[in-house]
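Asker: model this:
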Amino acid sequence: MTTFSSAADALRFLTGSNATVTLDFEATGRHFTLKIAKPWNRDDNCRDHDAKIFFVNELTGDPNDDDFRNFVGFFFADTKKLMQSKKARAAGTPPCDAFKALAWVMRQLSADVLPEGVAIHHSDHCCRCGRTITHPDSLARGIGPECIKHFS
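Answerer: Prediction:
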């Protein structure tokens, strides 16, 4: 796993279309592994890179189990403010710990602050296309050399 050294690189990675990230909180020893992805475009059989919404799932346990992914919430590209589903809000369901952790980290990163005491790791796969990254410069960003061209 690779850890980000700048808030801009971490935020770019989280909003890349298909990111898997682990937030490791040193003070508490807790960590959360999250999949942050844009919706699937069934017509083109790939991620809808133009979509403005990101869905967030916490990855827990065994990938072969039905409950491997737990829906955490969603956010839009422009606000980057994490929200629960209407159903969860209407039921008065309190946000889970993964929701609270990511919401706090996103606020810090949006203010161009790399949060102290939190290691933000990525799994050495491009946040846009999902391919394995091997080049050191690309590893630092979490985005491959072809996909970085799609970011401003």
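Asker: all helices for this structure, in order.
Answerer: Applying DSSP state H to the chain gives helices spanning 7-14, 86-91, 97-110, 136-141.
Asker: among these, which comes closest to Phe54?
Answerer: helix 7-14 (8.1 Å; CB to CB). Every C-beta, even on glycine, is put in place using the N, C-alpha and C of the backbone.
Asker: counting by contacts, list what the closest one packs against.
Answerer: strand 18-25, helix 97-110, helix 136-141 (3 or more CB pairs under 8 Å, 6 or more residues apart in numbering; DSSP states H and E).
Asker: identify the residues contacting the longest one?
Answerer: Translated: helix 97-110. Residues from elsewhere that reach helix 97-110 (CB atoms under 8 Å, 6 or more residues apart in numbering): 7, 10-11, 14, 23, 25, 30, 32, 34, 56, 58, 70, 72-73, 75, 80-82, 84, 95, 114-115, 118, 120.
Asker: for ChimeraX, write the selection for the buried entries among these.
Answerer: Entered in ChimeraX, the line below selects the buried ones among the contacts of helix 97-110, by 16 or more other CB atoms under 10 Å:
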select :7,10,11,14,23,25,32,34,56,58,72,73,75,80,82,84,95,114,115,118,120
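Asker: want to throw the helices of the chain into JSON lines with mean pLDDT and distance to Asp124?
Answerer: Supplementary listing: those in JSON lines, determined by pLDDT from 0 to 100; distance: least, CB to CB, whole Å:
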{"stretch": "helix 7-14", "mean pLDDT": "90", "distance to Asp124": "12"}
{"stretch": "helix 86-91", "mean pLDDT": "88", "distance to Asp124": "32"}
{"stretch": "helix 97-110", "mean pLDDT": "95", "distance to Asp124": "20"}
{"stretch": "helix 136-141", "mean pLDDT": "79", "distance to Asp124": "6"}
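Asker: ok, which of the helices and strands packed on helix 7-14 comes nearest Asp43?
Answerer: Nearest of those to Asp43, taken as CB to CB: strand 18-25 at 17.4 Å.
Asker: looking at this protein, which helix or strand is least sure?
Answerer: Taking mean pLDDT, DSSP states H and E as the measure, the chain has strand 2-3 as its least confident helix or strand, at a mean of 70.
Asker: quick revisit: any idea which of the helices and strands packed on helix 7-14 gets closest to Phe151?
Answerer: Comparing the helices and strands packed on helix 7-14 by CB to CB, helix 136-141 comes nearest, at 9.2 Å.
Asker: ok now the closest one, how far from the chain's centre?
Answerer: What separates the centre of helix 136-141 from the centre of its chain is 17 Å, taken as CA atoms, centre = their mean, to the nearest Å.
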